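Student: Any chance you can model this:
(one chain, ligands or ions: 3)
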Amino acid sequence: MSGGADTTSSVTVIDHPLIEHKLTLLRMATTPTGEFRRLTREISLLMGYEVLRDLPLQPVDIQTPLEPMTARQVSGKKLCFISILRAGNGILDGMIDLVPSARIGHVGVYRDPASHLPIEYYFKVPDDVAERLTIVVDPMLATGHSAVAAITRLKRAGARGVKYVCLIAAPEGVAVLREAHPDVPIFTAAIDRALDENAYIRPGLGDAGDRLFGTK
Ligand SMILES: O=P(O)(O)OC[C@H]1O[C@H](OP(=O)(O)OP(=O)(O)O)[C@H](O)[C@@H]1O
Ligand SMILES: O=c1cc[nH]c(=O)[nH]1
Ligand SMILES: [Mg+2]
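Tutor: Ligands and ions are numbered 1, 2, ... in the order given. You can find the predicted model right below:
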């Protein structure tokens, strides 16, 4: 893929050299928790720049030191970030750095270790989610079932303009998400080789939640 973003389908691999460099550090087994969190936030910020490229602007009358003008600014009221807990919170931090006034929602989903199927345990999103551009964030798209379940639930709550952002995707997860929600563009920093027998992404980075929060 050449520089910038390849948008030939609804899957965009954001392949900027800084993102790839930081992702390499993130993948390393020796990267400690604090550094892992910091890198996740930095990568998210860089990815957000591309993901939010078509964010609507609204006019605002301002005064420069020399004269009045009508400039344009982002309205945080039009945007909603949804974190798929827990690991999504690592990406959320970077996105909030970019748009501090955005509204935030949380969908709690974890993978059952045996079946790998998603179990929902929490759901709280802005009442007016239907009127917002909704950016769903989660570092890992493995089987794709967590993302599909979260987005299905969001649509049931009214969400319409949904985008999905992850750091690493498995080809299997991309296929499952595209099949279930063809209207949802996927943004990722990398598409890895495949899933292993435990439905972990290979080569991947391990368990994103455990590495972000130091729980193992
Ligand atoms: O595509 P899938 O096969 O559904 O797997 C991806 C999910 O697995 C991880 O969450 P996990 O279940 O480990 O929960 P956690 O964030 O609380 O650690 C990850 O953050 C995704 O939500
Ligand atoms: O590789 C994987 C797959 C699911 N969840 C993770 O955190 N990592
Ligand atoms: Mg986990």
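Student: Report how many residues lie close to Tyr49.
Tutor: 13 (other CB atoms under 10 Å). Placement of C-beta: from N, CA and C, glycine included.
Student: so where does it fall, helix or strand?
Tutor: Assigned by DSSP states H and E, Tyr49 falls within helix 33-51.
Student: for Gly90, same thing?
Tutor: Under the criterion of DSSP H and E, Gly90 resides in helix 88-98.
Student: Output the contacting helices and strands for that helix.
Tutor: helix 33-51, strand 79-85, strand 103-111, strand 133-137, helix 208-213 (3 or more CB pairs under 8 Å, 6 or more residues apart in numbering; DSSP states H and E).
Student: For Arg153, find the nearest of these.
Tutor: strand 103-111 (6.3 Å; CB to CB).
Student: Who are the packing partners of that closest one?
Tutor: strand 79-85, helix 88-98, strand 118-124, helix 145-156.
Student: Measure how far the last one is from the centre of its chain, please.
Tutor: The chain centroid and the centroid of helix 145-156 are separated by 14 Å under CA atoms, centre = their mean, to the nearest Å.
Student: Report whether whichever helix or strand comes after it contacts ligand 1.
Tutor: Using DSSP H and E, the helix or strand that follows helix 145-156 in sequence is strand 161-165. No - Strand 161-165 lies out of reach of ligand 1 by CB under 6 Å from any ligand atom, never closer than 11.0 Å.
Student: Pairing partners for strand 161-165, with directions?
Tutor: Counting by DSSP bridges, the strands paired with strand 161-165 are strand 133-137 (parallel), strand 186-188 (parallel).
Student: and the helix or strand just after it, which strands flank it?
Tutor: Using DSSP H and E, the next helix or strand after strand 161-165 towards the C-terminus is strand 168-169. Sheet pairing of strand 168-169 (DSSP bridges) gives strand 140-141 (parallel), strand 190-191 (parallel).
Student: Beyond the last one, next helix or strand please.
Tutor: In other words, strand 190-191. Using DSSP H and E, the first helix or strand after strand 190-191 is strand 194-195.
Student: contacting residues around that next one?
Tutor: The contact list for strand 194-195, computed with CB atoms under 8 Å, 6 or more residues apart in numbering, reads 142-143, 170-173, 201-202.
Student: touching ligand 2 at all, it?
Tutor: No - judged by CB under 6 Å from any ligand atom, strand 194-195 stays clear of ligand 2, getting no closer than 7.7 Å.
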